[in-house]
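S.K.: how would this look folded up:
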Amino acid sequence: MHHTPHTVSEVMTRPVIAVSPEAGFKEIVATMARWKVSAVPVLAGDGRVVGVVSEADLLPKEEFRDADPSRLEQLRRLDDLRKAGALTAEDLMSVPAITVREDAPLARAARTMTRGKLKRLPVVDGEGMLRGIVSRGDLLKVFLRSDEDLAEEIRAEVVERLFLVSRENVRVSVTDGVVTLSGRIGDTALVPVAARLVRAVEGVVDVECDLVGPGAPATTSPSAGSRL
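M.R.: Below you'll find the predicted structure:
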């Protein structure tokens, strides 16, 4: 069974392309183009992440190159106008830098990206030192796990531990990441607990529970898909 990636450190990319606060505008653009990235962390001399420069931070220089914004637009877009005149990463970067700890669960990184509408996050240690970078694509890699891997982990980590008495009666099948638990168990109060634990397994797309209690007719027979 492949080990399930649970933390950001297990899926992040390293090494990371970064720039110093003194990096010039054209140097930043060239760095992004060379490495085909849309943002770069800005590092202080000791290696701490102090900001991030993204394409969005660079575009105002082109947008306002020959523009004559009205007074109202100037007031509404003070930050963009400031960046239009910026020459170095220190003046261009967004601060404070939105980062994620290397030991953070993947779900936390996903929430941070979604809420901030970010494509990638610098990964730092407890001291704020850069350790890697995690992208949306990195987080989605967990959904590439095979159905067989998922079924094996769910059997070992959920069924064997939760259904101590009736575990031999519980069937696990997985098709395209959708998990189905079926069979007869001694306590149906455990069904929502099982669903929650299965959903927490990295790579699971959805969960269906066809588990019945003692004396009830079984509703599901073994079906196609991966099972143990």
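S.K.: what is the helix or strand hosting Leu81 packed up against?
M.R.: For Leu81, the host element (DSSP states H and E) is helix 78-84. When contacts are defined as 3 or more C-beta pairs under 8 Å, 6 or more residues apart in numbering; DSSP states H and E, helix 78-84 packs onto helix 55-63, helix 89-92. For the C-beta atoms, the positions are set from N, CA and C on the backbone; glycine is no exception.
S.K.: out of those, the one nearest Gly45 is which?
M.R.: Taking C-beta to C-beta, helix 89-92 is the member of the helices and strands packed on helix 78-84 nearest to Gly45, at 12.3 Å.
S.K.: quick revisit: what comes up buried for the helix holding Leu81?
M.R.: Of all the residues in helix 78-84, those buried under the rule 16 or more other C-beta atoms under 10 Å are 80-81, 83-84.
S.K.: run through who's touching it.
M.R.: With contacts defined as C-beta atoms under 8 Å, 6 or more residues apart in numbering, helix 78-84 is touched by 57-58, 60-61, 63-65, 69, 74, 91-92.
S.K.: with adjacent residues omitted, what lies nearest to Glu27?
M.R.: Leaving aside its sequence neighbours, Glu27 sits nearest to Val19 (C-beta to C-beta, 6 or more residues apart in numbering; 7.0 Å).
S.K.: closest to Arg101 out of the buried residues of helix 78-84?
M.R.: Nearest to Arg101 among the buried residues of helix 78-84, counting by C-beta to C-beta, is Lys83 at 28.2 Å.
S.K.: just give me the neighbour total for the closest residue to that closest one other than its chain neighbours.
M.R.: Distance criterion C-beta to C-beta, 6+ apart; nearest residue to Lys83, sequence neighbours excluded, is Pro60 at 4.6 Å. By the criterion of other C-beta atoms under 10 Å, Pro60 has 20 neighbours.
S.K.: tell me who's in contact with Pro60.
M.R.: Pro60 sits next to 80-81, 83-84 when contact means C-beta under 8 Å, 6+ apart.
S.K.: quick check: the gap between it and Phe25.
M.R.: 11 Å (C-beta to C-beta, to the nearest Å).
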